[in-house]
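Participant: I'd like to go over a predicted model; first the sequence, then the structure.
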There are 2 protein chains.
Amino acid sequence: MPGECVDESCPVAQAVAVLDGKWTILIIRDLLGGVRRFSELRASLVGISPKTLTDRLRALEADGVVKRTIYAEIPPRVEYGLTATGRQLGPVIDALAAWGAGRTAPGGQPSADVL
Amino acid sequence: MPGECVDESCPVAQAVAVLDGKWTILIIRDLLGGVRRFSELRASLVGISPKTLTDRLRALEADGVVKRTIYAEIPPRVEYGLTATGRQLGPVIDALAAWGAGRTAPGGQPSADVL
């Protein structure tokens, strides 16, 4: 039961350590649709600064979630894609999408009855 | 396909707007195990400050994910629990746990082959 974790060794905490930050999840959401260029990601991620996008992509690369491919063209072309580990985040994004959709569906207002 | 969203109306973006922040996901993880007192949450969330925990709980309450119950005892007893909307985050936490466990499993090192 995920609720039983206590410390940093918990798999949920491990995942959150990599996925922390609003833009990180949205970058992965976009890359699940296939490789993207920096400019395409910026266009999709309304409000993100070039520096924040660069930092997030570098961190995801360091964590083995994203891979950057540079094509030796003039000018050089750079594409970002998900690694196999990155693609395994599909179920997380799908679960977030289902929950988010449930909240905004007509009558999807959050109900207050507790556990 | 989640990857096709562009703006804030995207359900993934809606979910992330509520769940943003490292501690938020971990609080929900703990409350999926049942109602908790403030002190119990603090003990489980190694490193969180009382102010951050208070802020996160208030934000989750405002978003209809968490409910606070105050028992008129001396001293008053306060418990936090998930609403029905909060409990619907179970699949998100399970997906995060599965991904996190996959990363730390022997040989679970992230692989670099791209899409």
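Facilitator: Ah, there it is. Numbering: from 1, shown residues only, chains lettered A, B, ... in the order given.
Participant: sticking with the spatially most central residue of chain A, tell me its helix or strand.
Facilitator: Most central in chain A under Cα atoms, centre = their mean is A:Ile25, positioned 2.4 Å from the mean C-alpha point. Taking DSSP states H and E as the criterion, A:Ile25 maps to helix A:22-31.
Participant: ok, and the closest non-adjacent residue to A:Leu19?
Facilitator: Closest residue to A:Leu19 apart from its sequence neighbours, by Cβ to Cβ, 6 or more residues apart in numbering or on different chains: A:Ile25 at 6.0 Å. From N, CA and C alone the C-beta is placed, and that goes for glycine too.
Participant: list the contacts for the one you found?
Facilitator: A:Ile25 makes contact with A:Leu19, A:Val92, A:Ile93, A:Leu96, B:Val12, B:Val16, according to Cβ atoms under 8 Å, 6 or more residues apart in numbering or on different chains.
Participant: okay, buried residues for the helix ranked longest in chain A please.
Facilitator: Assignment by DSSP state H gives helix A:90-104 as the longest helix of chain A. If you call a residue buried by 16 or more other Cβ atoms under 10 Å in any protein chain shown, then helix A:90-104 has these buried ones: A:Gly90, A:Val92, A:Ile93, A:Asp94, A:Ala95, A:Leu96, A:Ala97, A:Ala98, A:Trp99, A:Gly100, A:Arg103.
Participant: same list, those residues, but only the ones touching chain B.
Facilitator: For chain B, the contacts drawn from those by Cβ under 8 Å from any Cβ of the partner chain are A:Val92, A:Ile93, A:Asp94, A:Ala95, A:Leu96, A:Ala97, A:Ala98, A:Trp99, A:Gly100, A:Arg103.
Participant: which one of those residues sits closest to chain B?
Facilitator: Taking Cβ to the nearest Cβ as the measure, chain B sits nearest to A:Gly100 out of these, at 3.2 Å.
Participant: for chain A, just list every one of the strands.
Facilitator: Ranges of strands in chain A, per DSSP state E, are A:66-71, A:77-82.
Participant: so which of those strands is the most packed in?
Facilitator: strand A:77-82 (a mean of 18; mean count of other Cβ atoms under 10 Å in any protein chain shown).
Participant: mean confidence for it?
Facilitator: When pLDDT is averaged over strand A:77-82, the result is 96.
Participant: and A:Ile28, how many neighbours?
Facilitator: 26 (other Cβ atoms under 10 Å in any protein chain shown).
Participant: mind listing what it touches?
Facilitator: Contacts of A:Ile28 (Cβ under 8 Å, 6+ apart): A:Leu19, A:Leu60, A:Val65, A:Leu82, A:Gly86, A:Leu89, A:Ile93.
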